[in-house]
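Participant: Here is a sequence with its predicted model. Questions after.
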Amino acid sequence: MDKPWVEEKKLKEFILQNRSYNLFENKDNTVELRFSPEMPEAQAHLPNGQPVEHIMKGIKENGKIYFLSFKTVSSIGETETQLEGEDDPIMLWLQFI
């Protein structure tokens, strides 16, 4: 599958270390990774000083999670991007997990 991905085991270990991340797993092998930036450097960029939630939707397959879309929900509205290709720039952070 030509989508950004991460090993399921590595992502779950990362989530245990970073409590602002939550992984929701569905019976049909789809997943949602939800998180809100909590780092001090991110706080200065929040719209209207209000929290932002990121929602990444994906699918589990052969020990990997492939991400299909990236959604941001904030006080100024919602944006959603369909992810294109394994090296989609939105998902570069996955390389550090």
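Facilitator: It's in. Nothing here was measured: the structure is a model prediction, and the numbers come from that model. Residues are numbered from 1 along each chain as shown.
Participant: what about the most centrally placed residue in the chain, distance to Asn48?
Facilitator: In the chain, the residue lying closest to the centroid (CA atoms, centre = their mean) is Met56, at 4.0 Å. As judged by CB to CB, to the nearest Å, Met56 and Asn48 stand 23 Å apart. C-beta coordinates here come from the backbone N, C-alpha and C atoms, glycine included.
Participant: what about the longest helix along the chain, distance to the chain center?
Facilitator: Counting by DSSP state H, the longest helix found in the chain is helix 8-17. In terms of CA atoms, centre = their mean, to the nearest Å, the centre of helix 8-17 is found 12 Å from the chain centre.
Participant: Which strands or helices does the helix or strand following that helix pack on?
Facilitator: Going down the chain from helix 8-17, the next helix or strand is strand 21-25, by DSSP states H and E. Under the contact definition 3 or more CB pairs under 8 Å, 6 or more residues apart in numbering; DSSP states H and E, strand 21-25 sits against helix 8-17, strand 30-35.
Participant: Leaving out the residues flanking it, which one is nearest to Ile97?
Facilitator: Spatial nearest neighbour of Ile97, chain neighbours left out: Phe14 (4.7 Å); criterion: CB to CB, 6 or more residues apart in numbering.
Participant: what's the answer for Ser69, then?
Facilitator: Lys57 (4.7 Å).
Participant: ok, the one you found to Phe70 distance?
Facilitator: Relative to Phe70, Lys57 is positioned 8 Å away (criterion: CB to CB).
Participant: And His54, by the same measure?
Facilitator: 7 Å.
Participant: So for those two, which residue has more residues nearby?
Facilitator: Between His54 and Phe70, Phe70 has the larger neighbour count (other CB atoms under 10 Å), namely 20 against 16.
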